[in-house]
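Student: Compute the structure for the input listed below.
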Amino acid sequence: MTTLKDVAKQTGLGLGTVSRALSGHPNVRPETRRKVEAAARLLGYQSNGLARALRQNRSYSIGLIIPDLKNEFYTTAASVVQSMLATAGYRLIVCCSDNSPDVDVELLSSLIENRVDGIAHVPCTPEGSDAVRLMNPQVPIVEYARRSHARGVDSVLGDDERGGMEVIRHLADLGHRRIANIAGPPGLSTTIDRVRGFQEGCARFRLPKRGCPVLYGPSYDAQWGETATDEILDKHPDVTAIFASSSRGAMGALKALHRRGLSVPKDMSVVGFLNPAWLDVSDPPLTTYELPLAEMGDMTARLLLDRIRRPKPVRSAEPNVVRFDGRLIVRRSTAQPPTRSVS
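Tutor: Have a look, this model is predicted:
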């Protein structure tokens, strides 16, 4: 069996240099890494990852638990985190909870049992990772996009509350007085913050509370957006604008409006949240509040690597809460309200 010593002899480099190059250590020059990797392939060298993990008490793997594999909110982060961790010599294990609390706990437990060095987690319950903290309280966990009540856990968030406020400011400036909010599950921090921003905006611009309903749903998907829009049209005919606090919810809202023969924005203005590419090419292009998902993913990876390299006891580790500003992108799905109620 080919050993590290064989690779070192082939390249003329020191054993330590060869080891660092093959383990993905960041302090190795690219040309040196390429030379070592070429020699390893030529000699058929295969590293013993388990032995290395036992020696260094590290697995060089990090878990990422997201609730939806099809949502750009999470896949963008996964791509950025994967790239950054690979540069640092770590591999990413991506898991999907499907927003199920039971599955979420099972995945957290499995990752800890498999001795991952850290976990990036999108919690789907207020308790977050507290349920598995007793298994190994020293495993660093960073929450992405959502926050929970878990102790000693870093969080990387968007300014969801200000986003809700900015949407109302824009619609109120256009003259809308009755605006509906299609929200997500009521227990999630993203829902709580976006609804709070929506309601604070309505209060600031003195919009009638009863004329600005909030519809909570089981998820952030298009089906709920379509169902909620039908309910708005049937039960709140005076509403002239819809704020769907997710991109998929906005997709469902557009589908319902088109099915019922209503024009956007002539009959109803629509605003989404986040900014997948299809919003810019929809008919009409959709006004939305965009969060810097790539930057948020980058910060998540940085915080995890920092906690792994400089571990601290959970009780004395003051959690970092990093919140990123977003921006309102105004397109052609919003305009002045119609002169008469939509029915």
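
Student: Tell me the gap between the helix or strand where Met84 lies and the middle of its chain.
Tutor: Using DSSP states H and E, the element containing Met84 is helix 72-87. Distance of helix 72-87 from the chain centroid (C-alpha atoms, centre = their mean, to the nearest Å) equals 10 Å.

Student: and that helix, what does it pack onto?
Tutor: Contacts defined by 3 or more C-beta pairs under 8 Å, 6 or more residues apart in numbering; DSSP states H and E place helix 72-87 against strand 61-66, strand 91-96, helix 293-309. For glycine as for every other residue, the C-beta is placed from the backbone atoms N, C-alpha and C.

Student: For the last one, which residues meet the burial criterion?
Tutor: Using 16 or more other C-beta atoms under 10 Å as the test for burial, helix 293-309 gives 293, 296-305, 307-308.

Student: The residue nearest to Tyr74 when sequence neighbours are not counted bridge partners, please.
Tutor: Distances taken as C-beta to C-beta, 6 or more residues apart in numbering place Ile66 nearest to Tyr74, at 3.9 Å, with adjacent residues excluded. Using DSSP bridges, the bridge partners assigned to Ile66 are Cys96.

Student: distance between the ends of stretch 238-245?
Tutor: 20 Å (C-alpha to C-alpha, to the nearest Å).

Student: Tell me how many other residues crowd the residue nearest to Tyr74.
Tutor: As a burial measure, Ile66 scores 23 neighbours (other C-beta atoms under 10 Å).

Student: so what's the closest residue to His176 other than its chain neighbours up against?
Tutor: Ranked by C-beta to C-beta, 6+ apart and with sequence neighbours excluded, the top spatial neighbour of His176 is Ala241, at 4.4 Å. Ala241 sits next to Leu171, Leu174, His176, Arg178, Ile179, Ala180, Met268, Ser269, Val270, Val271, Thr334, Pro337 when contact means C-beta atoms under 8 Å, 6 or more residues apart in numbering.

Student: which stretches of the stretch 101-250 of the chain form strands?
Tutor: Under the criterion DSSP state E, counting those that start in this stretch, the stretch 101-250 of the chain contains strands at 118-121, 141-144, 154-158, 179-182, 214-215, 241-244.
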